[in-house]
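Colleague: Sequence first, predicted coordinates after that:
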Amino acid sequence: MSTIQSPIPAYLEDLLEQVRDHDAGELADYIPQLKDAEPDRLALALCTVSGRVYSAGDSDVEFSIQSISKPFVYALALQELGLEEVRHTVGMEPSGEAFNEMSLEKDTHRPLNPMINVGAIAVNQLINGPDSSVEDRVERIRSMFSEMAGRELSLDQDLVDAELSGADRNLSLAHMLANYGKITDEPHDAVLSYIRQCAIEVTVDDLAVMAATLGNGGIQPVTGKRIFDTAVCRQTMAVMSAAGMYDQAGRWLAGVGIPAKSGVAGGLIGVLPGQLGIATFSPRLNDAGNSVRGTALFHKLSNDMGLHLMNPIAQGTHAVRSIESHGSTTFITLQGTINFAAAERIMHEIQQYGFSGSTIYVDINRVVAVDPIARRMLASAMKTMRDEDFNIGLYDPDERLNGLELSDGTEAPVVTSEDIDEATS
């Protein structure tokens, strides 16, 4: 028996190398712990809605979640109170302004959306009820984040103390909210609760799984535990797509097309509904407060994998039609449109199959289209099969993968219908 290894980790490492030399941007300089961060840290993680996690780079390094906490706390407020109640406190329109602007609706005095600071402070105050202490409210949030990540997360108290000492802007936002009756806590307590929410520490693996929980309709994909209702996830992802990248949100949606949220510690998450959670970490930020290398990685992922939310290509949900053995030959029969999500499923099923015999044929006669990253993954899989001493063959009568080049520069051998008939007779 032989197991074929997935090419996805190597692909992620290659992506990191493509952006590693990007040294534009600056560290967040208004918080000592962020100002002193290691600027060359770089990591990338993906989590499928099936619960498979792939990561590369500094994926075990913890950093503060910061504003990436905003969509998750918004989802928690929706889960606890419902959309109508939450809408009394915060709207859902993009502000077109920086994350710390004093943006309120003229008539209602609600914050425009929950992704800017004034909106996030207001939403934080909804958690655990109006009579909750700061400690109980933050513990509710930390506990929920831990359930989403699938492990116990901790809070950086030194970071809280440092942020609180320079929180004049957020304090002014909280006083404004209190003036209009949008929060009931004392402004200092409201800001303390929000800052503690932002100081919870995560890795890119944690964030990818948390993002995938939204993409999976509220079911944590690794543990299988339901955390949010499907409607809550839909609402949260919709607001992320409209406002998650602050005053770059419109350009982001058009260019990358992935609902996303950034944090000033250098984290960045994205969600593909029904497919993936994505997370990157690189501390240098652009003028909008978004990670420079993180945004570059998202552009590459979107282009390579066809992940744009508005991509009109059908998804390959059931890409593996069958894996069957006839004598010494195993047939892997694929179907439909093969994008990254479909190719990942193909690789997973191939990995689970114990191959024996001497020959493996990949049949793509029923495949409609193959995107570039899926092509690369199939080529890598066939190269691995050959390295495991299998005879390999590609049945491609419509030439969907015409001249499929393996990583050593050779082309995948093509087989004919006569070869198929002979192997099955």
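Modeller: Sure thing, it's come through.
Colleague: Report the contact partners of the closest residue to Ala341 other than its chain neighbours.
Modeller: Distances taken as C-beta to C-beta, 6 or more residues apart in numbering place Gln275 nearest to Ala341, at 4.5 Å, with adjacent residues excluded. C-beta coordinates here come from the backbone N, C-alpha and C atoms, glycine included. Residues near Gln275 by C-beta atoms under 8 Å, 6 or more residues apart in numbering: Thr48, Val49, Gly215, Leu307, Gln315, Ala341.
Colleague: will you turn those residues into a markdown table that also has pLDDT, secondary structure and neighbour count?
Modeller: As requested, the contacts of Gln275 are exported to a markdown table (pLDDT from 0 to 100; DSSP: H, G, I helix; E, B strand; the rest coil; neighbours: other C-beta atoms under 10 Å):
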| residue | pLDDT | secondary structure | neighbour count |
| --- | --- | --- | --- |
| Thr48 | 94 | strand | 23 |
| Val49 | 93 | coil | 19 |
| Gly215 | 96 | helix | 24 |
| Leu307 | 76 | coil | 23 |
| Gln315 | 53 | coil | 16 |
| Ala341 | 83 | helix | 23 |
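Colleague: Tell me, how many residues neighbour the nearest residue to Arg345 once chain neighbours are set aside?
Modeller: Among residues not flanking Arg345 along the chain, Ala319 sits closest, at 5.6 Å (C-beta to C-beta, 6+ apart). By other C-beta atoms under 10 Å, 22 other residues sit near Ala319.
Colleague: how many other residues sit next to Glu62?
Modeller: Residues lying near Glu62 (other C-beta under 10 Å) number 17.
Colleague: Give me the distance between it and Leu15.
Modeller: 22 Å (C-beta to C-beta, to the nearest Å).
Colleague: Kindly export the helix or strand that contains Pro71 (C-alpha atoms) in PDB.
Modeller: For Pro71, the host element (DSSP states H and E) is helix 69-81. What follows is helix 69-81, C-alpha atoms only, in PDB (Å, rounded to 0.1, in the frame of the first residue of the first chain):
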ATOM      1  CA  SER A  69     -12.100  40.100  16.800                       C
ATOM      2  CA  LYS A  70     -14.800  42.500  15.500                       C
ATOM      3  CA  PRO A  71     -16.700  40.100  13.100                       C
ATOM      4  CA  PHE A  72     -16.600  37.300  15.700                       C
ATOM      5  CA  VAL A  73     -18.000  39.400  18.500                       C
ATOM      6  CA  TYR A  74     -20.600  40.800  16.100                       C
ATOM      7  CA  ALA A  75     -21.600  37.200  15.300                       C
ATOM      8  CA  LEU A  76     -21.800  36.500  19.100                       C
ATOM      9  CA  ALA A  77     -24.100  39.500  19.600                       C
ATOM     10  CA  LEU A  78     -26.300  38.400  16.800                       C
ATOM     11  CA  GLN A  79     -26.500  34.900  18.200                       C
ATOM     12  CA  GLU A  80     -27.400  36.200  21.700                       C
ATOM     13  CA  LEU A  81     -29.800  39.000  20.700                       C
END
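Colleague: Quick one: mean pLDDT for it?
Modeller: Averaging pLDDT along helix 69-81 gives 98.
Colleague: Show me what it packs onto, helices and strands only.
Modeller: helix 83-89, helix 117-124, helix 134-149, helix 187-198, helix 204-215, helix 230-243 (3 or more C-beta pairs under 8 Å, 6 or more residues apart in numbering; DSSP states H and E).
Colleague: try 6 Å
Modeller: helix 117-124, helix 230-243 (3 or more C-beta pairs under 6 Å, 6 or more residues apart in numbering; DSSP states H and E).
Colleague: Ranking those by mean neighbour count, which comes first?
Modeller: Most buried of the helices and strands packed on helix 69-81 by mean neighbour count (mean count of other C-beta atoms under 10 Å) is helix 117-124; its value is a mean of 27.
Colleague: quick one: it to helix 230-243, angle?
Modeller: Counting by axes from the mean of the first three to the mean of the last three C-alpha atoms, to 10 degrees, helix 117-124 lies at 170 degrees to helix 230-243.
Colleague: what packs against helix 117-124?
Modeller: Secondary-structure packing of helix 117-124 (3+ C-beta pairs under 6 Å, 6+ apart): helix 69-81, helix 168-179, helix 187-198.
Colleague: got the contact list for Val118?
Modeller: Pro111, Leu173 (C-beta atoms under 6 Å, 6 or more residues apart in numbering).
Colleague: what pLDDT does it get?
Modeller: pLDDT, Val118: 94.
Colleague: What separation is there between it and Val138?
Modeller: In terms of C-beta to C-beta, Val118 sits 19 Å off from Val138.
Colleague: wait, isn't Gly357 in contact with Ser328?
Modeller: Yes. Using C-beta atoms under 6 Å as the test, Gly357 is close enough to Ser328 to be in contact (3.8 Å).
Colleague: Would you mind telling me which of these two has more residues around it?
Modeller: Taking other C-beta under 10 Å, Gly357 and Ser328 do not tie; Gly357 has more neighbours (14 against 11).
Colleague: name the element that one belongs to?
Modeller: Counting by DSSP H and E, Gly357 is found in no helix or strand.
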